[in-house]
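Q: predicted model, plus sequence, below.
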Amino acid sequence: MNNVLAIALLLLASTAPVYAAQEPNTAETCRSSWQDASRDSWRAKDYERAVEFFKRLQVSVARNERPAVAGMIAYPLRVSGEYRVHNRTAFLRNYSRIFDESVRHAVQKQVPECLFGNYQGFMAGNGAVWFEYSMDHPAFKVIAVNNESWPKPNEG
């Protein structure tokens, strides 16, 4: 009887699907994906510049270089879709609430080469930070930050 059970378990194990562990995103895998999937995409031409901008933003956020981060913002900055930060002075005064712990963590965790880009701009940290360039700002600038520190419209 034990042999029958052992054979049954062996057969069951041999027919079960094998799932490979998903490899984490790395600079190499993401760069390759962008080159393959976006070769003809209109965002592909901006990819390298976006990565370089984001790397500078990451370093400035990690070092808590608030004036440097303020220089990377397109004003008025949208915050959590409801608020506008109209100038550098207001940004610096509210830096800790805008780049709160959740945003700083998302910026630090983001693999720069794995940025998402679409017609709205480039996104880091599942939408924590959006950045883009325009005719007014030919260099990339942060255009929106989505965080947990600003009150929601229903809250006081």
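A: Okay, I see it. Here the structure is a predicted model, which means the values were calculated and not measured. Residues are numbered from 1 along each chain as shown.

Q: go through the longest strand anywhere in the chain and flag the buried ones.
A: As far as residue count goes, and with DSSP state E defining each element, the longest strand of the chain is strand 73-79. Along strand 73-79, these residues count as buried under the neighbour rule (16 or more other Cβ atoms under 10 Å): Ile73, Ala74, Tyr75, Leu77, Arg78, Val79. (Each C-beta comes from the backbone N, C-alpha and C, glycine too.)

Q: strand partners of it, parallel vs antiparallel please.
A: For strand 73-79, the paired strands and their directions (DSSP bridges) read strand 83-85 (antiparallel), strand 141-145 (parallel).

Q: what's the closest of these to Ser60?
A: Of all the strands paired with strand 73-79, it is strand 141-145 that lies closest to Ser60, at 10.7 Å by Cβ to Cβ.

Q: contacts for that closest one next, please.
A: The contact list for strand 141-145 (Cβ atoms under 8 Å, 6 or more residues apart in numbering) reads 57, 69, 72-74, 77-81, 98-99, 103, 121, 128-133.

Q: and the residues you listed, which of them are buried?
A: For the contacts of strand 141-145, a burial check counting by 16+ other Cβ under 10 Å picks out 57, 69, 72-74, 77-80, 98-99, 103, 121, 128-133.

Q: ok, Phe99 touching Ala70?
A: No - Phe99 is not in contact with Ala70 according to Cβ atoms under 8 Å; the separation is 10.2 Å.

Q: between the two, what contacts are shared?
A: With contacts defined as Cβ under 8 Å, 6+ apart, no residue is adjacent to both Phe99 and Ala70.

Q: residue ranges with poor pLDDT in this structure?
A: 1-42, 151-156 (pLDDT under 70).

Q: number of nearby residues for the residue lying closest to Gly117 once chain neighbours are set aside?
A: Closest residue to Gly117 in three dimensions, ignoring its sequence neighbours and counting by Cβ to Cβ, 6 or more residues apart in numbering: Arg43, at 4.1 Å. Counted with other Cβ atoms under 10 Å, the neighbours of Arg43 add up to 16.
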